[in-house]
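Q: A predicted structure for the sequence below; I have some questions about it.
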Amino acid sequence: MRPEECVKLFERYVHGKASDLEIGQLIEWIKTNPKFSSWLEQQIEDSSSDIDASLQYKMLRNIRQAVPVHNELPQSFNHKKRWWLAAASIVPILIAIGSYFYFSSENKSPDKPLSPYTFTVEQGQKASIVLPDGTKVWLNSKSKLTCTTGFNIKDRELDLTGEAYFEVAHNKDMPFRVKCNGMSVEALGTAFVVKAYDEDETVSSVLINGKIKVGTAGGQVILSPSERIEYHKNSHKNEIKYIINASDFTGWRDNVLRFENESLKEIAKDIERTYNVKIIFEAKGIEDQYFTGTINNTSLESMLNVLGLASSLKFRIEDQQVILFK
């Protein structure tokens, strides 16, 4: 396989069009061709200035983890544009491919229990994986997913911190469960979103299709499509809402953020995770403004400009900090 063909496969993979066979071919090529991994590193280093230096470094580091290469990483890369203009949607391709290889190749035998495995996505990145049972998972920024011992052998249980979208493979004899921050979500075959960041005041789940059973300290409920449950950690109360377009809550996969009557204090956490920045409120009361809507987060500046148009909000960017003021 020529390097040009590998690039095309990468593009197909990023757009979700690569077949299992093509992904397997790509993995084998990378693992057995150290020269190609070096070539790929050079392509990343010489890539568009839209990819910032720190992200280039992370991608190269991920290549090192997936493919044994012995020369040292360069200390830095030249880049032309300021880091916050980088597209937040760049997928850590080799992490996802490495995970796919781990799950699909090493643990696909029905008689071989899966050891505990944690898949982590750093702040400012996203990734997707396929679990041994065929379930597809998309992980949002700053998220961690852990498979329990014996996944798809004795049970299908996962621990989640962060946000994830699941398309669950049906298995009537083995329910699919996600545990996260005081909430347990059980599904047989369905699609749903779970948002459970440690620093957030609430844990929520949105059902796209099928049915899920959700349990918290506030009780147990069964959700129907287009219903959203929000569990308040402090009061231990559940709040269930009907939403018009449930798919809005999966928009982060395509770099679209959805806010449902959320305070700027909570929205700031999403912005920090998505763009890997620190939000600072320069004036009191700013964080108490509430927003509902959908924003295409093509860049940090465009996101902040949209919020500013809907309020008296102003901003300035200093290094990796965003200062908000009236």
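A: That came through fine.
Q: neighbours around Thr274, how many?
A: 23 (other Cβ atoms under 10 Å). C-beta coordinates here come from the backbone N, C-alpha and C atoms, glycine included.
Q: Is it in a helix, a strand, or coil?
A: helix (DSSP: H, G, I helix; E, B strand; the rest coil).
Q: Now do the domain split for this protein, please.
A: As given by automatic domain parsing, the domain ranges for the chain are 3-85, 113-248, 255-325.
Q: among these, which is the most enclosed?
A: domain 113-248 (a mean of 18; mean count of other Cβ atoms under 10 Å).
Q: If we ignore the residues flanking it in sequence, what's nearest Lys195?
A: Glu163 (4.5 Å; Cβ to Cβ, 6 or more residues apart in numbering).
Q: any idea how far the one you found is from Lys172?
A: Distance of Glu163 to Lys172, computed by Cβ to Cβ, to the nearest Å: 27 Å.
Q: Let me have the domains of the chain in JSON lines, adding mean pLDDT as columns.
A: Rendered in JSON lines, the data for the domains of the chain read as follows (pLDDT from 0 to 100):
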{"stretch": "domain 3-85", "mean pLDDT": "54"}
{"stretch": "domain 113-248", "mean pLDDT": "90"}
{"stretch": "domain 255-325", "mean pLDDT": "85"}
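Q: mind listing the strands for the stretch 101-250 of the chain?
A: 117-121, 127-130, 136-139, 143-147, 156-167, 176-180, 183-187, 191-196, 202-209, 212-216, 219-223, 227-232, 237-242 (DSSP state E, counting those that start in this stretch).
Q: looking at those strands, which is closest to Thr292?
A: Ranking those by proximity to Thr292 (Cβ to Cβ) places strand 237-242 first, at 11.9 Å.
Q: Give me the angle between the closest one and strand 212-216.
A: Relative orientation of strand 237-242 versus strand 212-216 (axes from the mean of the first three to the mean of the last three Cα atoms, to 10 degrees): 150 degrees.
Q: Verify the stated contact: Asp200 with Lys269.
A: Yes - contact criterion Cβ atoms under 8 Å: Asp200 and Lys269 qualify, at 6.5 Å.
Q: hmm, back to that, can you put the strands of the stretch 101-250 of the chain in a markdown table and add distance to Glu260?
A: Compiled in a markdown table, the strands of the stretch 101-250 of the chain are given as follows (distance: least, Cβ to Cβ, whole Å):
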| stretch | distance to Glu260 |
| --- | --- |
| strand 117-121 | 23 |
| strand 127-130 | 24 |
| strand 136-139 | 20 |
| strand 143-147 | 20 |
| strand 156-167 | 14 |
| strand 176-180 | 19 |
| strand 183-187 | 18 |
| strand 191-196 | 11 |
| strand 202-209 | 9 |
| strand 212-216 | 17 |
| strand 219-223 | 16 |
| strand 227-232 | 8 |
| strand 237-242 | 8 |
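Q: Run through the bridge partners of Lys314.
A: Phe325 (DSSP bridges).
Q: That one reaches Lys326, doesn't it?
A: Yes - Lys314 is within contact range of Lys326, at 6.6 Å (criterion: Cβ under 8 Å).
Q: show me what contacts the closest residue to Asn245 other than its chain neighbours?
A: Using Cβ to Cβ, 6+ apart and skipping residues adjacent in sequence, the residue nearest Asn245 is Ser226, 7.8 Å away. Taking Cβ atoms under 8 Å, 6 or more residues apart in numbering, we find Ser226 in contact with Leu207, Tyr242, Ile243, Ile244, Asn245, Ala246.
Q: any idea how far Ser226 is from Lys179?
A: 24 Å.
Q: Repeat that for Asn305.
A: Taken as Cβ to Cβ, the span from Asn305 to Lys179 is 39 Å.
Q: again with Asp319
A: 38 Å.
Q: Repeat that for Ser302.
A: Taken as Cβ to Cβ, the span from Ser302 to Lys179 is 36 Å.
Q: again with Ile280
A: For Ile280 relative to Lys179 (Cβ to Cβ), the value is 34 Å.
Q: So Leu324 is in contact with Ser311, correct?
A: No - counting by Cβ under 8 Å, Ser311 is not a contact partner of Leu324; they are 10.0 Å apart.
Q: quick one, helices of the protein?
A: For the chain, the helices defined by DSSP state H cover 3-14, 20-32, 34-45, 53-66, 93-101, 264-275, 300-309.
Q: And stretch 118-126, end to end?
A: End-to-end span of stretch 118-126 (Cα to Cα, to the nearest Å): 15 Å.
Q: Dig out what Asn209 forms beta bridges with.
A: Counting by DSSP bridges, Asn209 is bridged to Ala191.
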